[in-house]
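Student: Build the 3D model from these lines:
(one chain, ligands or ions: 1)
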Amino acid sequence: MLRTLLASSIRVARYHTLRTPVRGFAVTSIRLHGHIHTPKAGEELKITFITKDGAQHTFDVSEGDSLLDIAQHYNLDMEGACGGSCACSTCHVIVDPEMYDEIPEPTDDENDMLDLAFGLTETSRLGCQVYMTKELDGLRVALPAMTRNMTVKDFQ
Ligand code: FES
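Tutor: Got it, this is the predicted structure:
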């Protein structure tokens, strides 16, 4: 009896082992926040971040990189809570008034989020919505003293 039961169990186990499909495991590259492109020689664009303590940090960056990605790449204090999807205001920057007009106009979504930014100024922008261009070579932006990160209780 025991031998029969054991043989039956082995047959069942073999059946399931043979019938179980082998599942593939796919891996895609991860898009990390703070990923920026290495500028080509002679095509470097300069950007300066002024941090809360007044320190200036100047970097050579590529056209097309967002201010959020640049700041995060260099470990500056820019949170980017929504991952750059224009759904928070934690990437708030204050743009040097001399270059503000070189940046394309903010969208309605960006303006809506800017309305929630702590310490909003006339030249405030969201770092995730501003991308480096040749016209912005030499851009200077300041990080505000504080940012506001909306939480569930802010909507209650
Ligand atoms: S990272 Fe959230 S709006 Fe820019």
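Student: And the strands in this protein?
Tutor: 45-50, 56-61, 92-95, 124-126, 139-142 (DSSP state E).
Student: Can you lay out those as CSV showing mean neighbour count, mean pLDDT and distance to residue 105?
Tutor: Backbone N, C-alpha and C define where each C-beta goes, glycine included. Below are the strands of the chain laid out as CSV (neighbours: other CB atoms under 10 Å; pLDDT from 0 to 100; distance: least, CB to CB, whole Å):
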stretch, mean neighbour count, mean pLDDT, distance to residue 105
strand 45-50, 19, 98, 20
strand 56-61, 15, 98, 22
strand 92-95, 24, 97, 13
strand 124-126, 23, 98, 10
strand 139-142, 22, 97, 16
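Student: Let me have these in CSV, adding distance to residue 104 as columns.
Tutor: Formatted as CSV, those follow (distance: least, CB to CB, whole Å):
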stretch, distance to residue 104
strand 45-50, 16
strand 56-61, 17
strand 92-95, 12
strand 124-126, 10
strand 139-142, 13
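Student: Let's have these in a markdown table, adding distance to the ligand.
Tutor: Formatted as a markdown table, the strands of the chain follow (distance: least, CB to the nearest ligand atom, whole Å):
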| stretch | distance to the ligand |
| --- | --- |
| strand 45-50 | 15 |
| strand 56-61 | 17 |
| strand 92-95 | 8 |
| strand 124-126 | 4 |
| strand 139-142 | 13 |
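Student: Can you tell me which of the ones you listed is nearest to residue 71?
Tutor: strand 45-50 (6.2 Å; CB to CB).
Student: So for residue 82, which of the strands of the chain sits nearest?
Tutor: strand 124-126 (9.8 Å).
Student: Which positions in stretch 98-115 come out as buried?
Tutor: 99-100, 103, 106, 110, 113-114 (16 or more other CB atoms under 10 Å).
Student: quick one on the thing from earlier: nearest to residue 77, out of the strands of the chain?
Tutor: So among the strands of the chain, strand 45-50 is nearest, using CB to CB, at 9.4 Å.
Student: Excluding sequence neighbours, find me the nearest residue to residue 129.
Tutor: Leaving aside its sequence neighbours, residue 129 sits nearest to residue 110 (CB to CB, 6 or more residues apart in numbering; 4.9 Å).
Student: Kindly report the same for residue 95.
Tutor: In space, residue 95 is closest to residue 123, 4.4 Å off (CB to CB, 6+ apart).
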